[in-house]
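# take a look and give me a structure for this.
(2 chains)
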Amino acid sequence: DIQMTQSPASLSASLGETVSIECLASEDIYNNLAWYQQKPGKSPQFLIYYASSLQDGVPSRFSGSGSGTQYSLKINSLESEDAATYFCLQDSEYPYTFGAGTKLELK
Amino acid sequence: EVQLVESGGGLVQPGRSLKLSCAASGFTFSSFPMAWVRQAPKKGLEWVASISSGGGGTYYPDSVKGRFTISRDNAKSTLYLQMDSLRSEDTASYYCARHGDTLDYWGQGVMVTVSS
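Residues are numbered from 1 along each chain as shown, chains lettered A, B, ... in the order given. Okay, the predicted model is just below:
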């Protein structure tokens, strides 16, 4: 099974700052990597697919990059609504696996 | 608008069965593979099952293989998850998800609690 190691587990940042979240796959996942945002009591919301393609309607301050085994989600100019937990998902092969999540807190 | 609405959750004793349903609307259900994903309380996400658009292909992780069965009725635009031999570790919110470019649309989730 492909293991997804996500870091950091949590981070705290101020409004207007830029943050990055990383996901490291245990083997090449050929850009088959998605990012999700989840707020308490809500289902995950899809942000990015195929490592860097932004879902329609997602603000352009979100961006994804990476290849091979290393991927990252970058959020520019943080806004209060960005406070949430973020997960990565590899759907390169079964079993699909998620990162453990990164809880983003706004100061 | 894509909508996925899960139902069928609840409290069940260990070893018993439960069947979840997911009613889909707003897209051509028969054209998309579908999946179930679960999330234990205060925990991360775990993929539980996937099914091809026609229903002929099904996929499971080892944690549920042989106990859970995913199925679909394309005429009713409904996805199912039959869960047998339930264990306490199956306690979670269960989400159905459409597999477009990835797991793109998710339902609001339904809670399953396995406890005596």
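# what does chain A have sitting close to chain B?
Listed as neighbours of chain B in chain A under the rule C-beta under 8 Å from any C-beta of the partner chain: A:1, A:32, A:34, A:36, A:42-46, A:49-50, A:53, A:55, A:87, A:89, A:91, A:94-101. Backbone N, C-alpha and C define where each C-beta goes, glycine included.
# filter those down to the buried ones.
Neighbour counting by 16 or more other C-beta atoms under 10 Å in any protein chain shown classes A:32, A:34, A:36, A:43-46, A:49, A:55, A:87, A:89, A:91, A:95-101 among the residues of chain A next to chain B as buried.
# who does the residue nearest the centre of chain A form a beta bridge with?
Among the residues of chain A, the one closest to the centroid is residue A:35, at 3.9 Å (C-alpha atoms, centre = their mean). Beta-bridge pairing of residue A:35 under DSSP bridges involves residue A:48, residue A:88.
# what's the local residue count around residue 90?
Defaulting to chain A. Neighbour count for residue A:90, taken as other C-beta atoms under 10 Å in any protein chain shown: 28.
# actually chain B
22.
# just give me the neighbour total for residue 66.
If you meant another chain, say so; for now it's chain A. 19.
# meant chain B, my bad for not saying
Applying other C-beta under 10 Å, we find 9 other residues in the vicinity of residue B:66.
# gap between it and chain A?
To chain A, residue B:66 is 14 Å away according to C-beta to the nearest C-beta, to the nearest Å.
# do the same with residue B:15
Residue B:15 is 25 Å from chain A, by C-beta to the nearest C-beta.
# tell me which residues touch the residue nearest to the centre of chain A, please.
A:46-48, A:62, A:64, A:73, A:86-89 (C-beta atoms under 8 Å, 6 or more residues apart in numbering or on different chains).
# mind running it again at 7 Å?
Residue A:35 sits next to A:47-48, A:64, A:73, A:86, A:88 when contact means C-beta atoms under 7 Å, 6 or more residues apart in numbering or on different chains.
# residue 81: what secondary structure?
Since you didn't name a chain, this refers to chain A. Each residue gets one of three states, and residue A:81 gets helix by DSSP: H, G, I helix; E, B strand; the rest coil.
# hmm, I had chain B in mind actually
strand.
# list the contacts for residue A:11?
Applying C-beta under 7 Å, 6+ apart, we find residue A:11 in contact with A:19, A:102, A:104.
# against chain B, how distant is the second one?
So the one you mean is residue A:102. Taking C-beta to the nearest C-beta, one finds residue A:102 at 11 Å from chain B.
# and that residue, bridged to which residues?
For residue A:102, the beta-bridge partners under DSSP bridges are residue A:86.
# thought it was touching residue A:84?
No: between residue A:102 and residue A:84 there is no contact under C-beta atoms under 7 Å: 9.3 Å.
# tell me the contacts of the residue nearest the centre of chain B?
Centroid-nearest residue in chain B: residue B:36, 3.3 Å away (criterion: C-alpha atoms, centre = their mean). By C-beta under 7 Å, 6+ apart, the contact list for residue B:36 reads B:48-49, B:70, B:81, B:94-96.
# which stretches in chain A count as strands?
Here chain A has its strands, by DSSP state E, at A:4-7, A:10-13, A:19-25, A:33-38, A:45-49, A:53-54, A:62-67, A:70-75, A:84-90, A:97-98, A:102-106.
# who does the strand or helix carrying residue B:20 touch, helix- and strand-wise?
In the assignment (DSSP states H and E), residue B:20 maps to strand B:18-25. Applying 3 or more C-beta pairs under 7 Å, 6 or more residues apart in numbering or on different chains; DSSP states H and E, one finds that strand B:18-25 contacts strand B:3-7, strand B:78-83.
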